[in-house]
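A.B. asks: One predicted model, sequence on top.
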Amino acid sequence: MTLLGATVVLLGVLVNLVGTMGFFRFDDVYSRSHAASLTDTFAAMIIVIGLMLMVTSVIIFLKLCLLLLFLVFSSPTATHALAQAALHDGVIPRKVK
């Protein structure tokens, strides 16, 4: 299980790296926050699931479950708050061609 967990964690790290490239590729704050939020949430979920596969203690497993639940709800909410703040500050979304 440790090898499978380490592989899943590595997959999460790779997803996060792809998201970072997408973050630098886009040109406005809304596209960047969208790319960062999707890949960041997904990568964090994959990493936590990989860690769940590696632990042997039930209490640590339950703590990781709570962390996963927190990440699922807080990361999209934080991205929405950042986008709302940018809109409130007057950042106009770029028009799609």
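C.D. replies: Thanks, I have the structure now.
A.B. asks: all contacts plus neighbour counts: C-alpha atoms, from now on.
C.D. replies: Will do.
A.B. asks: was I right about Arg94 contacting Arg32?
C.D. replies: No - counting by C-alpha atoms under 8 Å, Arg94 does not reach Arg32; the two are 11.8 Å apart.
A.B. asks: higher neighbour count, the two?
C.D. replies: Arg32 (17 against 11; other C-alpha atoms under 10 Å).
A.B. asks: and that one, how far is that from His88?
C.D. replies: Shown here: Arg32 relative to His88, a distance of 17 Å by C-alpha to C-alpha, to the nearest Å.
A.B. asks: One more: Ser31?
C.D. replies: Note on Ser31: its distance to His88, by C-alpha to C-alpha, is 16 Å.
A.B. asks: Between these two, which is the more surrounded one?
C.D. replies: Between Ser31 and His88, Ser31 has the larger neighbour count (other C-alpha under 10 Å), namely 17 against 10.
A.B. asks: Tell me the pLDDT of the more buried one.
C.D. replies: Ser31 carries a pLDDT value of 85.
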